[in-house]
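J.: This is the structure alone, sequence omitted:
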């Protein structure tokens, strides 16, 4: 019986990038549940919103998670933060051009999830019941 060599795949082929680890890191950041909802909510609010507006718009997010998510989005250049010298201070977040460029692919992913969630749930139930 002949032994076959294990197949190997060049990691750069997966995402067609010379730095697949950087791509994976960015995908994991923008693909988390809060980033997607914050970006889409910001878009629906006209591209600019106050913290409290975003907090009301994103179902289930805590103030802490919203702050962490917005800080990360600001660091990545997807949103900007503007503080107005008022009492109490007013803070608004606005999508950058880079952030707006993320909307179409993000909405595509959300549309796919919306169209297929029932099928995925059915498959999960089938899988789970087969394991029992």
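T.: Done, it's in. From a predicted model like this one, the values you see are computed outputs, not experimental measurements. Numbering: from 1, shown residues only.

J.: List the contacts of stretch 63-83.
T.: With contacts defined as C-beta atoms under 8 Å, 6 or more residues apart in numbering, stretch 63-83 is touched by 26, 29-30, 32, 34-35, 38-39, 42, 51, 54-55, 58, 61, 89-96, 98-99, 102. Using the backbone N, CA and C atoms, a C-beta is placed for each residue, glycine as well.

J.: Compute the number of surrounding residues for residue 57.
T.: 17 (other C-beta atoms under 10 Å).

J.: So it sits against residue 41, correct?
T.: Yes - using C-beta atoms under 8 Å, residue 57 makes contact with residue 41 at a distance of 3.9 Å.

J.: quick one, helices of the protein?
T.: 11-15, 20-30, 33-44, 51-57, 63-75, 97-101, 103-130 (DSSP state H).

J.: Among the ones you listed, which comes closest to residue 84?
T.: Closest approach to residue 84 among the helices of the chain is made by helix 51-57 (12.2 Å; C-beta to C-beta).

J.: helices or strands next to that closest one in the packing?
T.: helix 33-44, helix 63-75, strand 90-95 (3 or more C-beta pairs under 8 Å, 6 or more residues apart in numbering; DSSP states H and E).
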